[in-house]
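**Q** no FASTA, just this:
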């Protein structure tokens, strides 16, 4: 047991599933089901809802839903995957060919795994077979020491820097949010989508709406003994609760209601009993991550107007203790799910429209601590995945002899703001200077072909 | 500086939202009669606790098992918030749960989490230094931030860092990376055992595990222990301002001005770093009454709806419903606690919709039996009366009337619709009021 589990942001729903039979909360008619419990939604829907709901849903699906879908332009999509807690770069890509590795990691040093073609010192973590496979297909850019100079070792400060795209503690908008403020529209919350229980700060905008959902098929609303035309009109009235002006908290609540109304209409085609159909299998897990990626592919396939999407990877990466087992579990599910997502996109003919960026707020101390874990470090590891990725190293692994700073942390060989600038310019067709403060100061790697 | 305006029912109601979980029926009126000073004194010196109403149960009517069953821990505390006669004591416990945010995700024991919770309840208004000492050796915290992994042979800096960054000084204020490492050495010595079937047990301080060497912390040298570590943190020059700023943010939406910061800091120091006088000063400050509203956190929202209706706890679904809205008790997202600025988005708003549905479900009128007036304005008035007449803006009231008219529509032309649609509309109106902006922020 360690603090580190706390960083997984794993949700109550997963625990409910994990502890099913031991006080699993009751499901009452019409309640949304705890995802991942394996319980059927159908069986809990009230009769009245089934009768009247079906009648009402039909025309809507073939009305607004498809209309919205058909109007979705085929813009490039960037998916951001956060390894929360500071993933250990020296395990994700273990420098087994570096003579100092075993000295610094006497207990945690890894063996085995696939070698990284471009740098014979580095080996993929054995749980990352999926990513290694995609790398072999030249679909992965590897960033073995990504970060910034004078790395801050606070989780919250460093992740904030990554989220806002600057080493500025006061910036309130996310880097992806600022991109959306320039290209987004007022009537499309899905343009910036968190597939999570709350909104990802990287998506925070000042102007245009963004959305957060657990999954596209989990956006239903119910009220006991309200059905038929009255239910329909009640749901339509949600957006009208946005009248209260003046007070910022009232405005925030009103704004949320207005966005809920728009999003509910956009997602109507995904509600109902059928769920998500995927052309490829995804890993089975109590964690929502693979299901969310499957839902994301289905949303893209239906033509919904998504631009940037943020998810948290499963797993515990703040590995102050019990690192070996925690990392294995999290990396395995993350990598297997990302491989399935890539195959899904390829099967649906969408692969050329999507890039997946994997990041963490920092790496960890090169020397292990005494608790079979590692403390906070500096440079970390990142990936860019997709058929349009150039499939090459971004920055180099600096080595453990000369590549550590005075605190014993890996120094960065590529700056995250340079990667953001390259993604904006090469993938999203946006002047980086308009989004990233002082963008001209950072070298752009070639990320997109 | 104290609020000098008239302390009427609206002011008493706002005070009850900030210092508790909103009013029960008649509570704001009674509090208003005490005046500002009397009302604040009643909240900060509440006497013996009385729990009002029937004891909580799960959905089958069985008593809760907060140490053992999933979600019963959350429900147990929520019930305490709903039924307590000492709302500020529970509200302070919630503040400390967020301030020293510990998650059972990393602790793995509801019993230890509830033990820590009792600490926040019993010491919540006393000495901050004592609270921090108790938190530092609290078993749940020792597990959560690796305090009992931290020994002289293998230092672990997790607790040392967060103690300064989040609990006492603020990120990059008054300490360096060297201080983090040296504080970690001072904090060595805690350990625990692990017994199969029991889990972590035998939490204790063992001098053999403590690094007795000289440490340099904040440029002071000494053979510091964990008690010195806490003392050095709370006597660091950066601490008082961080403390009052953070405490203020839990109660008031407006930023803390310099004059008030200075005054609160002096109050904190002249009272030996006791929490109660600072809380009292904040609760009397004009900005609490004149300033903007705050979005209620999900548990405050839930407890508030239940208190407003005098409704008892009869399900443990509250744990996952509040989780849907972004706040399952004992599972803060990380050691920095919940983000009070981001409670509302499209996912968490939907969580609040389902919370309101669960609150309202036992009261839902049966369209086959109940009767309601076939009149939009009367329906809205009935729904407002159901909620004990919350203050809504004209814009929201008008949106409700517009909905009621559209819901009735041309139902008059069909006899069963004319009878049943007003009942459905009444249920819907109650739900729409519960999720209206005015009930989400206070």
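**A** Noted; the coordinates are in hand. Remember, predicted model here, so these are calculated numbers, not experimental data. Numbers count the residues shown, from 1 in each chain, chains lettered A, B, ... in the order given.
**Q** Look at whichever residue of the stretch 301-442 of chain B sits closest to chain A and tell me its secondary structure.
**A** Across the stretch 301-442 of chain B, no residue is closer to chain A than residue B:395, which sits at 2.7 Å (C-beta to the nearest C-beta). The way it works is simple: take the backbone N, C-alpha and C, and place the C-beta from them, glycine included. When states are read from DSSP: H, G, I helix; E, B strand; the rest coil, the local structure at residue B:395 comes out as helix.
**Q** where does it land on pLDDT?
**A** Per-residue confidence at residue B:395 stands at 92 (pLDDT).
**Q** Would you confirm that residue A:384 contacts residue A:140?
**A** Yes. With contacts defined as C-beta atoms under 8 Å, residue A:384 counts as touching residue A:140 at a distance of 7.0 Å.
**Q** and the two? which has more neighbours close in?
**A** Comparing residue A:384 with residue A:140 by other C-beta atoms under 10 Å in any protein chain shown, the one with more neighbours is residue A:384, at 28 against 24.
**Q** any idea how far chain B is from that one?
**A** Per C-beta to the nearest C-beta, to the nearest Å, residue A:384 is found 26 Å from chain B.
**Q** Identify the residues contacting that residue.
**A** With contacts defined as C-beta atoms under 8 Å, 6 or more residues apart in numbering or on different chains, residue A:384 is in contact with A:140, A:141, A:143, A:355, A:356, A:357, A:358, A:394, A:419, A:423, A:447.
**Q** 6 Å - rerun?
**A** Residues touching residue A:384, when contacts are defined by C-beta atoms under 6 Å, 6 or more residues apart in numbering or on different chains, comprise A:141, A:357, A:447.
**Q** ok, now residue B:403?
**A** Under the contact definition (C-beta under 6 Å, 6+ apart), the residues listed for residue B:403 are residue A:237.
**Q** can you check residue A:80 too?
**A** With contact taken as C-beta under 6 Å, 6+ apart, residue A:80 is in contact with A:310, A:357.
**Q** what kind of secondary structure is it in?
**A** Judged by three-state DSSP, the three-state class of residue A:80 is strand.
**Q** From chain B, how far off is it?
**A** 16 Å.
**Q** how close does residue B:104 sit to residue B:79?
**A** Look at residue B:104 and residue B:79: by C-beta to C-beta, to the nearest Å, they are 18 Å apart.
**Q** no, scratch that, I was asking about residue A:391
**A** Following C-beta to C-beta, the distance that separates residue A:391 from residue B:79 is 56 Å.
**Q** in the stretch 1-150 of chain A, which ranges drop under the pLDDT threshold?
**A** Low-confidence segments of the stretch 1-150 of chain A, defined by pLDDT under 70: A:1-73.
**Q** For it, which segments are assigned as strands?
**A** Using DSSP state E, counting those that start in this stretch, the strands found in the stretch 1-150 of chain A span residues A:77-83, A:93-94, A:115-116, A:119-124, A:140-147.
**Q** Tell me which of those lies nearest to residue B:119.
**A** strand A:77-83 (32.7 Å; C-beta to C-beta).
**Q** Show the pLDDT at residue 186.
**A** Picking chain A for this. pLDDT recorded at residue A:186 is 86.
**Q** My question was about chain B, not that one.
**A** Reported pLDDT at residue B:186 in the predicted model: 98.
**Q** longest single helix anywhere in chain A?
**A** In chain A, assigned by DSSP state H, the helix with the most residues is helix A:323-347.
**Q** quick one: buried residues of it?
**A** Of the residues in helix A:323-347, those scored as buried under the neighbour-count criterion (16 or more other C-beta atoms under 10 Å in any protein chain shown) are A:323, A:326-345.
**Q** who does that helix touch, helix- and strand-wise?
**A** In this structure, helix A:323-347 packs against helix A:129-136, helix A:289-301, with contacts taken as 3 or more C-beta pairs under 6 Å, 6 or more residues apart in numbering or on different chains; DSSP states H and E.
**Q** at 8 Å instead, please
**A** Applying 3 or more C-beta pairs under 8 Å, 6 or more residues apart in numbering or on different chains; DSSP states H and E, one finds that helix A:323-347 contacts strand A:77-83, helix A:89-92, helix A:129-136, helix A:289-301, strand A:354-360.
**Q** Just the mean pLDDT for stretch B:99-116, thanks.
**A** Averaging the model's pLDDT scores along stretch B:99-116 yields 96.
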